[in-house]
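*Asks:* Below are the sequence and a predicted model for it; my questions follow.
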Amino acid sequence: MLRRSDISGYVAKSVVVLSRAGVRATVRLWELSIVGWGGMASAASGISLNHAESCPTCGLLVYDSFTRPEELVAAELWDGSDLFFVWPLPRVVLATQRVADLLRENRVRGVDLRPVSELEPRGDFLTPGRLSRWLPEPQASAIGIPLGNY
């Protein structure tokens, strides 16, 4: 459905499912990996690097969470993908209205569609790890090295 509709910003990776006994399942499943880039979260969102909690020795980066979710996306940093994430929120999948309409029309279940303004922080701090954990190489290095987050 996503491919037929020319949705961008994802890669579908085939996964192997094993039973508890180690037998391969006959069901074919896919992991939807989001590779669309929405840039660094806008400073107006409240997200900022917490220097006191980050560790220069081990490379741990800790960010203060957002206070204004409607300000997360800086349009000039977004690559235009239909599915994307902003840093440092790699697990929050953002989608264009076109994707939301497609999912609703096809009655896709298991997806929570709501305006970004209704997004609630899950804590005071964000610790997403390094960008290279979330994006494929060379995309991660092209984006992460200039940000100091590869």
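*Replies:* In hand now; what should we look at?
*Asks:* how near is the closest residue to A95 other than its chain neighbours to A100?
*Replies:* Nearest non-adjacent residue to A95, counting by C-beta to C-beta, 6 or more residues apart in numbering: L83, 5.4 Å away. Backbone N, C-alpha and C define where each C-beta goes, glycine included. Using C-beta to C-beta, to the nearest Å, L83 is found at 11 Å from A100.
*Asks:* These two: which is more packed in?
*Replies:* Between L83 and A100, L83 has the larger neighbour count (other C-beta atoms under 10 Å), namely 20 against 15.
*Asks:* if we can go back for a sec, surely the residue nearest to A95 touches L94?
*Replies:* Yes - using C-beta atoms under 8 Å, L83 is in contact with L94, at 7.4 Å.
*Asks:* got the CA positions of stretch 60-74 in CSV?
*Replies:* What follows is stretch 60-74, C-alpha atoms only, in CSV (Å, rounded to 0.1, in the frame of the first residue of the first chain):
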residue,chain,number,x,y,z
LEU,A,60,26.1,10.0,26.0
LEU,A,61,23.8,12.9,24.9
VAL,A,62,20.9,13.9,27.1
TYR,A,63,18.3,16.3,25.9
ASP,A,64,15.7,18.2,27.9
SER,A,65,12.2,17.1,26.6
PHE,A,66,9.9,19.3,24.7
THR,A,67,7.3,21.6,26.1
ARG,A,68,5.7,22.8,22.9
PRO,A,69,5.2,19.8,20.5
GLU,A,70,3.6,22.0,17.9
GLU,A,71,7.0,23.6,17.4
LEU,A,72,9.0,20.4,16.9
VAL,A,73,9.4,20.5,13.2
ALA,A,74,11.5,23.3,11.6
